[in-house]
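Enquirer: Mind folding the following:
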Amino acid sequence: MAISSEWAWLPKELLDLILDKVASPFDKVRFGAVCKSWGIAVKERRRLKTQVAQTPMLLIPSKDNIKKTRSLYRITDRKISGVKLPMPHNRRCCGSSFGWLSYVTEASFITLFNPFRNAKIHLPQLQKLRGYRRYGNKYEYTVKKVTLSSDPASTPEDCLAMALFGEFTDLAFVKLGDESWTYVEEDRMSVYADVLYFKGGQFLVIDHRSGLVSIDVNTNQKKILAPADLDYTDRTYLVETSGGNLLLVRRLIDSFPFGLSCQGMTSCFEVYKLVLDDESGKVVERVKVKNIGDDVLFLGDNQSISVSAFHFPGCHPNSIYYTDDYIDTKPYYPNGPIDMGIFNLEDGTIRPHYKPDPAHKHKSPPIWILPSML
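Expert: Numbers count the residues shown, from 1 in each chain. Next comes the predicted model:
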């Protein structure tokens, strides 16, 4: 008891020095669990936003097939972490933002879940989804994606969630604590593919033909920023680079025969840099690029992420790390969610980053997640 008490009263300066040496997010969690004062030190560091940025990890089924946990795969050294996170193996995630996963229940409620904190936030029911079913009982696929404006643990009173849902991909947003969603005016001319909270001020939404709109959450007004003038693609993404630029990423998918069925596999990506007018917000320039410098993109069911390879030597620069996020179009693929890889923008080659276990083909697709602290 005496030793424990002495640890609890270590000066803050010394605790900060120790935390500077703790690189792993899991070790930070263990550090904060030692005692109350150490936990406060970790929370204070998070509040001041002085912790080292983290690279995304891949949330995958547990190797030992434990049904209530999942494992993490580190792409920097291609190893599975020994940490088991609480999460049902068959629960499909429709979003991943700031370490918070999103999933939809059979009653059309959306839950935000942080497996690192074992914390949940229940969002209101999406009334427009009541009674709606896709692929029989596959209610998990009724919501395409949920994106957050900020970390709910840091800004609980200001955090917003935007959902893309339904057969025609409708839009709705909610502020944490509100009792109902605000539904954006329907537009049957557009089928939306991705949403991004850009530069702390607005939600940007892209459709499958690269039409870009902004959503003003104060007035619930939708504004067209760029026309839908490119060919249809199965998946389109919006990404804010580490330098603050806006990228449009188009994913081209081909179908290949697997036995009696065909399964889609990514053939390539197209990347465009979008330049917005400072006053109108509209796109004034769209340039196709094959070089994003030191940046690395992480795309899938998650909120699109960009990090600098300079800070993470195990990542390949000028590349796109992607997961299989279109299994909802054919949820009973013969081989499960196998379309994952690393696309090199310079030469167009694709290499693997994680090889799924064939025994997991009926389980939910892996998803990128940013480790977050207590």
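Enquirer: For beta bridges, what are the partners of the closest residue to Val283 other than its chain neighbours?
Expert: Nearest residue to Val283, sequence neighbours excluded (Cβ to Cβ, 6 or more residues apart in numbering): Ala226, at 3.9 Å. C-betas here are computed from N, CA, C, even on glycine. On the basis of DSSP bridges, Ala226 is bridged to Leu212.
Enquirer: correct me, but Pro356 touches Ser364?
Expert: No. With contact taken as Cβ atoms under 8 Å, Pro356 and Ser364 are classed as non-touching, separated by 11.4 Å.
Enquirer: Overlap of the contact sets of the two?
Expert: Jointly contacting Pro356 and Ser364 under the rule Cβ atoms under 8 Å, 6 or more residues apart in numbering are Pro337.
Enquirer: Quick one: the helices in the stretch 201-350 of the chain, in order.
Expert: Here the stretch 201-350 of the chain has no helices by DSSP state H, counting those that start in this stretch.
Enquirer: give the contact list for Ala143.
Expert: One correction, residue 143 is Val, not Ala. By Cβ under 8 Å, 6+ apart, Val143 lies in contact with 94, 102, 104, 110, 126, 129, 163-165.
Enquirer: So which of those are in strands?
Expert: Members of the contacts of Val143 lying in strands (criterion: DSSP state E): 102, 104, 110, 163-165.
Enquirer: Quick one: these as CSV, columns for pLDDT and neighbour count too.
Expert: Formatted as CSV, the ones in strands among the contacts of Val143 follow (pLDDT from 0 to 100; neighbours: other Cβ atoms under 10 Å):
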residue, pLDDT, neighbour count
Ser102, 96, 26
Val104, 90, 25
Ile110, 94, 25
Ala163, 96, 27
Leu164, 95, 21
Phe165, 91, 26
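Enquirer: Which strands and helices lie in contact with the lengthiest strand in the chain?
Expert: If you go by DSSP E, the chain has its longest strand at strand 261-276. When contacts are defined as 3 or more Cβ pairs under 8 Å, 6 or more residues apart in numbering; DSSP states H and E, strand 261-276 packs onto strand 246-258, strand 283-289, strand 319-322, strand 341-344.
Enquirer: mind checking the SS state of Ser37?
Expert: helix (DSSP: H, G, I helix; E, B strand; the rest coil).
Enquirer: Kindly report the same for the one 3 residues further on.
Expert: When the structure is split into helix, strand and coil by three-state DSSP, Ile40 lands in helix.
Enquirer: mind checking pLDDT for it?
Expert: For Ile40, the model assigns a pLDDT of 71.
Enquirer: What of Val271?
Expert: You'll see Val271 listed with a pLDDT of 98.
Enquirer: Same check on Ala2?
Expert: pLDDT for Ala2: 38.
Enquirer: next one: Lys49
Expert: At Lys49, the model reports a pLDDT of 43.
Enquirer: Repeat that for Ser261.
Expert: So Ser261 comes in at 62 (pLDDT).
Enquirer: Report the angle between the longest strand of the chain and strand 246-258.
Expert: 170 degrees (axes from the mean of the first three to the mean of the last three Cα atoms, to 10 degrees).
Enquirer: could you check the angle strand 283-289 makes with strand 261-276?
Expert: 130 degrees.
Enquirer: Going by neighbour count, list what's buried in strand 261-276.
Expert: Within strand 261-276, the residues that qualify as buried are 263-266, 269-272, 274, 276, counting by 16 or more other Cβ atoms under 10 Å.
Enquirer: Can you add distance to Leu248 and give these back as a markdown table?
Expert: Below are the buried residues of strand 261-276 laid out as a markdown table (distance: Cβ to Cβ, whole Å):
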| residue | distance to Leu248 |
| --- | --- |
| Gln263 | 26 |
| Gly264 | 21 |
| Met265 | 22 |
| Thr266 | 17 |
| Phe269 | 11 |
| Glu270 | 8 |
| Val271 | 7 |
| Tyr272 | 4 |
| Leu274 | 6 |
| Leu276 | 12 |
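Enquirer: any idea how far the residue sitting nearest the centre point of the chain lies from Trp368?
Expert: Nearest to the mean C-alpha position of the chain, by Cα atoms, centre = their mean, lies Asn302 at 2.0 Å. As defined by Cβ to Cβ, to the nearest Å, Asn302 lies at a distance of 4 Å from Trp368.
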